[in-house]
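Trainee: Provide a 3D model corresponding to the input given below.
(one chain, ligands or ions: 1)
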Amino acid sequence: MDLVTALARARSAEEPGPDTPAAPPVPDWPGDARCLSRAGPGELDLWWLLRLSLAAQDGAGRLRPVPSAGGLHPVDAQLVVGADCPLPSGRYGYDPLRHRVHLLGPAPDDAPPGAAVELSVTPRRTVSHYGHRAWPLMLLDTGHAAAALRLAARALGAGPPTLGLDGRAERPLASLHFTPPGGPRRVADAPAPRDLLARRSARPPLRGVPSRDVLRTVLATLADASAGEVAWCAAVGEPRPELVELSPDGSLRRLASGEARPTLAAWAAGQGWIADAGAVLLGYGCPTDADAPRIRRAHLRAGFAVGLAHVAAGRLGVASRPVGSWQQADLGAALGAAPGRDWIVHGLALGTTHPKEGIP
Ligand SMILES: Cc1cc2nc3c(=O)[nH]c(=O)nc-3n(C[C@H](O)[C@H](O)[C@H](O)COP(=O)(O)O)c2cc1C
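Mentor: Residues are numbered from 1 along each chain as shown. The predicted structure is shown next:
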């Protein structure tokens, strides 16, 4: 698959065709399913880590804790388990519907203590609905899955994982290595496990402009998590429509004045509700001449950042919904800069007057 061509086509005005059959929600892992036993003292708690991030919450597997474009969940996980885990060392395939694992083979001899969760995608799940628009969405979905694992580790008081989001490979697309706990830890400002399980994308309409403080906090979360791969700004609605970004001193500075949301709605596959959203946070970059590793990196990081920001917004009492499908969305050119440099990669719509749903 040529990702450069796939992204150019996904960004074009071409409409996807009718739905095609989807792939099964879980790979056909070989061998018997085995339970993830509960962690003993000093062991990495894989049971809870996966329960709070990737395990399905209903039999059909649609309501996983992590958001997914169209609820199609293309991301599959393999575990590379070393010492100090409640499973013998080895490589395992994870079944999110049954919350069980299948032994696939030995772990490498040099596997460090703890476990790595490696994320890949089964394209046919997302392609079945989004057709040629699927690739950027699947990369974003993988970033969201990485964020869900990161948040689960925080909620469990585990140390932060080592992130592998460099975009170098297609398989796995991403990996996160978790070390076993060195003893009980308190993680400042950690989300509660129930917040992660209750997380939902708020259903539109999402009206009401969040406060400047909320915008600053959520933009800072996005910037921190993106490692410079994408830049962020916010299109704010009435009464003072404008485009703002976070300046280095932490204040908001105006990039442009005027109403951007109807244009954003048109660029986002014509989703009219975006024109009424209180604010739309926008991640942009990934120029037309980006090669495949850079495309992967930008989308993985954007998904990771929006995954964290979506939960951060909920904790601030603001409803939010990711927005992933963007066509002809050359934000830089629309603001008068050179074309082809600053494409919108991902978005997060925010609202304050939304009913309680979507706010953990
Ligand atoms: C990468 C990505 C892109 C998404 N794009 C859109 C979108 O364009 N419009 C929309 O309404 N929802 C979008 N969503 C939200 C999904 O529809 C939602 O996560 C899914 O239906 C599952 O619902 P839940 O998040 O409440 O569990 C997106 C989610 C992700 C992860």
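Trainee: who touches P204 in this structure?
Mentor: Taking CB atoms under 8 Å, 6 or more residues apart in numbering, we find P204 in contact with W273, D276, A277, R321, A349. Backbone N, C-alpha and C define where each C-beta goes, glycine included.
Trainee: again, but for A33
Mentor: By CB under 8 Å, 6+ apart, the residues touching A33 are D95, R98, R100, V101, H102.
Trainee: 7 Å instead, please
Mentor: D95, R98, R100, H102 (CB atoms under 7 Å, 6 or more residues apart in numbering).
Trainee: again, but for R64
Mentor: R64 neighbours (CB under 7 Å, 6+ apart): L54, A55, A56, Q57, H73, P96.
Trainee: Next: C233.
Mentor: With contact set as CB under 7 Å, 6+ apart, C233 has these partners: L243, V244, E245, L255, L282.
Trainee: For P65, state which of those is nearest.
Mentor: Distance to P65 across the contacts of C233 (CB to CB) is lowest for L282, with 24.8 Å.
Trainee: Wait, the closest one touches V345, no?
Mentor: No - the criterion here is CB atoms under 7 Å, and L282 misses it with V345 at 8.5 Å.
Trainee: on that earlier part again, mind giving me the PyMOL command for buried ones among the contacts of A33?
Mentor: Here is the PyMOL selection string for the buried members of the contacts of A33, based on 16 or more other CB atoms under 10 Å:
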select buried, resi 95+100+102
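Trainee: and the contacts of R64 as JSON lines, adding secondary structure, distance to P123 and pLDDT?
Mentor: Formatted as JSON lines, the contacts of R64 follow (DSSP: H, G, I helix; E, B strand; the rest coil; distance: CB to CB, whole Å; pLDDT from 0 to 100):
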{"residue": "L54", "secondary structure": "coil", "distance to P123": "18", "pLDDT": "97"}
{"residue": "A55", "secondary structure": "coil", "distance to P123": "22", "pLDDT": "97"}
{"residue": "A56", "secondary structure": "coil", "distance to P123": "20", "pLDDT": "95"}
{"residue": "Q57", "secondary structure": "coil", "distance to P123": "24", "pLDDT": "86"}
{"residue": "H73", "secondary structure": "coil", "distance to P123": "12", "pLDDT": "96"}
{"residue": "P96", "secondary structure": "coil", "distance to P123": "17", "pLDDT": "96"}
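Trainee: Mark which of those are buried, thanks.
Mentor: Buried, going by 16+ other CB under 10 Å: L54, A55, A56, H73, P96, out of those.
Trainee: Find the nearest non-adjacent residue to C233, please.
Mentor: Leaving aside its chain neighbours, C233 sits nearest to E245 (4.3 Å; criterion: CB to CB, 6 or more residues apart in numbering).
Trainee: Which helix or strand contains the one you found?
Mentor: Take DSSP states H and E as the rule and E245 turns out to sit in strand 242-246.
Trainee: Could you give me the buried positions within that strand?
Mentor: Using 16+ other CB under 10 Å as the test for burial, strand 242-246 gives E242, L243, V244, E245, L246.
Trainee: Out of these, which is nearest to R11?
Mentor: L243 (20.4 Å).
Trainee: Run a quick check on I274 versus L264, I expect a contact.
Mentor: Yes - with contact defined as CB under 7 Å, I274 counts as touching L264 (5.3 Å).
Trainee: which residues are in contact with both of the two?
Mentor: The contact sets of I274 and L264 overlap at V280 (CB under 7 Å, 6+ apart).
Trainee: ranges for the strands of the chain?
Mentor: Taking DSSP state E, the strands of the chain run over residues 34-35, 75-81, 90-95, 100-105, 115-121, 162-164, 174-178, 230-236, 242-246, 252-257, 279-285, 319-323, 343-351.
Trainee: Can you give the distance from the last one to the centre of its chain?
Mentor: In other words, strand 343-351. Its chain's average C-alpha position is 12 Å from that of strand 343-351, according to CA atoms, centre = their mean, to the nearest Å.
Trainee: Please list the residues of the stretch 151-300 of the chain that sit near the ligand.
Mentor: Taking CB under 6 Å from any ligand atom, the part of the stretch 151-300 of the chain that reaches the ligand is made up of R200, S201, A268, Q271.
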